[in-house]
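1. Give me the fold of what follows.
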Amino acid sequence: MFTIVALYHFTRFENHFDLREPLQEKCNTLGIRGSLLLATEGINGTIAGTSERIEKILCYIKNMPGCADLEYKTSVSKLPPFPRMKVKLKKEIVTMGQPNIDPKARVGHYINPSDWNTLVNDPNVVVIDTRNEYEVDIGTFKGAINPHTNSFREFPTWWEKNKEKFQNKRIAMFCTGGIRCEKSTNYLIGQGVENVSHLKGGILKYLEETPKEESEWKGDCFVFDARVSVGHELKEGPHELCYACRQPILPQDKKRSEYEHGVSCHKCKNKTTETDKSRFRERQKQIKLSRKRGQKHMAGYDGN
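-> So this is what the prediction gives:
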């Protein structure tokens with residue numbers, strides 16, 4: 001059994017470049033796999049390993065500058081959720097593209113999962129899903145507004161175009177684990193929104209703590225590991241990835257005429273060129289050849 005940890009923490013690293021290599025080496029030594037992002041504004045990522053080794057790497061991260069109050073959520077998987085470990089340097093740990101955003105200065109009001117249903121059902125509250133289109137597509141809260149964004153960077157533009165609709169309304173936002181809401185609520189406060197809240201711990205915490213029979217969540221929650229989606233009690237969902245567009249699909253979608261393993265699905269069939277598809281087919285060929293030789297291919301997981 002593998003323990004999976006989704007974590008983030010906003011803190012000011014004086015030189016995040018110096019933190020990357022020691023963190024990578026520590027993860028490698030412990031056999032931790034996954035992805036961690038380092039930027040001047042903090043750390044973000046999802047990692048997996050045995051419970052004992054996860055405890056050790058969390059202890060290491062908490063001892064990094066300003067990380068003593070690290071936020072994280074745990075779940076489990078029977079299969080290894082990641083093929084390798086990567087510690088990457090980024091400009092932002094979650095990209096919004098707004099240089100004046102500072103979640104350490106001020107964020108919206110935290111709403112505990114136990115109080116979230118009351119908010120969702122309040123007619124005077126506008127509930128906004130800050131995640132991307134493909135995430136919203138497989139699950140969201142009842143009545144939530146979908147901004148139809150392809151990346152978090154598009155959220156400020158969407159808000160500017162739609163903010164007049166929400167005047168004098170209380171705003172409540174949510175995302176997978178909470179990190180996007182730390183930035184989006186700070187952004188809205190900077191735009192003059194006085195009453196803005198967000199779901200503490202994100203969807204994952206809500207699904208972990210809220211009984212299914214009391215839930216206002218509809219569908220599954222996309223996660224950024226090999227499980228693809230989870231439901232209540234963080235049980236693994238039915239979704240798989242299309243390894244061409246990296247979007248979630250259901251097992252029955254693989255029976256559709258548009259589906260070709262590693263090449264296309266109904267979501268991306270008409271969005272890639274024949275040259276792209278030929279390249280994807282060659283990639284699948286090399287993955288199969290590598291597997292026959294008992295080697296790992298650089299493309300990583302391919303779903304088989």
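2. list the contacts for Gly192?
-> Residues counted as contacts of Gly192 (C-beta atoms under 8 Å, 6 or more residues apart in numbering): none. Quick note: C-beta positions are derived from backbone N, CA and C, even for glycine.
3. any idea how far it lies from Arg281?
-> 52 Å (C-beta to C-beta, to the nearest Å).
4. what's the answer for Lys88, then?
-> 29 Å.
5. same question, Thr118
-> 51 Å.
6. Of these two, which one has the most company?
-> Arg281 (15 against 11; other C-beta atoms under 10 Å).
7. does that one count as helix, strand or coil?
-> Using DSSP: H, G, I helix; E, B strand; the rest coil, the structure places Arg281 in helix.
8. wait, isn't it in contact with Val263?
-> Yes - between Arg281 and Val263 there is a contact at 5.7 Å, judged by C-beta atoms under 8 Å.
9. Would you mark the buried spots in the strand or helix carrying Ile54?
-> Ile54 belongs to helix 51-62 when assigned by DSSP states H and E. By neighbour count with 16 or more other C-beta atoms under 10 Å, helix 51-62 contains the buried residues 53-54, 57-58, 60-61.
10. For stretch 164-176, list the C-alpha coordinates in CSV.
-> What follows is stretch 164-176, C-alpha atoms only, in CSV (Å, rounded to 0.1, in the frame of the first residue of the first chain):
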residue,chain,number,x,y,z
GLU,A,164,-20.4,42.8,-12.8
LYS,A,165,-22.7,39.8,-12.4
PHE,A,166,-21.5,39.2,-8.9
GLN,A,167,-21.8,42.7,-7.4
ASN,A,168,-23.1,42.7,-3.8
LYS,A,169,-22.9,38.9,-3.6
ARG,A,170,-20.9,36.8,-1.3
ILE,A,171,-18.3,34.8,-3.2
ALA,A,172,-17.2,31.3,-2.2
MET,A,173,-14.6,29.4,-4.2
PHE,A,174,-13.1,25.9,-4.2
CYS,A,175,-10.4,23.8,-5.8
THR,A,176,-8.8,20.4,-5.5
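11. confidence score at Thr297?
-> That one is not Thr; residue 297 is His. With respect to pLDDT, His297 scores 45.
12. And for Gly303?
-> For Gly303, the predicted pLDDT is 44.
13. same deal with Pro80?
-> pLDDT for Pro80: 88.
14. What count of nearby residues applies to it?
-> Pro80: 15 surrounding residues under other C-beta under 10 Å.
15. helix/strand/coil for Ala172?
-> Strictly by three-state DSSP, Ala172 counts as strand.
16. if I look at it, how far off is Thr118?
-> Taken as C-beta to C-beta, the span from Ala172 to Thr118 is 10 Å.
17. List the beta-bridge partners for Met173.
-> Note on Met173: beta-bridge partners Ile128, His198, judged by DSSP bridges.
18. about what we covered before: give me the distance from the helix or strand following the helix holding Ile54 to the chain's centre.
-> Under the assignment DSSP H and E, the closest C-terminal helix or strand after helix 51-62 is strand 71-77. On the basis of C-alpha atoms, centre = their mean, to the nearest Å, strand 71-77 is displaced by 13 Å from the centre of the chain it belongs to.
19. where exactly do the strands run in the stretch 151-300 of the chain?
-> 170-174, 196-199, 217-219, 221-222, 229-230, 240-241, 248-249 (DSSP state E, counting those that start in this stretch).
20. Distance to Asn112 and mean neighbour count for those - can I get that in TSV?
-> TSV is the format used below for the strands of the stretch 151-300 of the chain (distance: least, C-beta to C-beta, whole Å; neighbours: other C-beta atoms under 10 Å):
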stretch	distance to Asn112	mean neighbour count
strand 170-174	12	23
strand 196-199	8	24
strand 217-219	15	16
strand 221-222	18	24
strand 229-230	20	23
strand 240-241	32	18
strand 248-249	28	22
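21. now the ones you listed as a markdown table including mean pLDDT and distance to Asp276?
-> As requested, the strands of the stretch 151-300 of the chain are exported to a markdown table (pLDDT from 0 to 100; distance: least, C-beta to C-beta, whole Å):
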| stretch | mean pLDDT | distance to Asp276 |
| --- | --- | --- |
| strand 170-174 | 96 | 34 |
| strand 196-199 | 96 | 37 |
| strand 217-219 | 97 | 29 |
| strand 221-222 | 97 | 23 |
| strand 229-230 | 96 | 26 |
| strand 240-241 | 94 | 17 |
| strand 248-249 | 96 | 18 |
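22. who wins for proximity to Phe2 among the ones you listed?
-> Closest of the strands of the stretch 151-300 of the chain to Phe2 is strand 229-230, at 13.9 Å (criterion: C-beta to C-beta).
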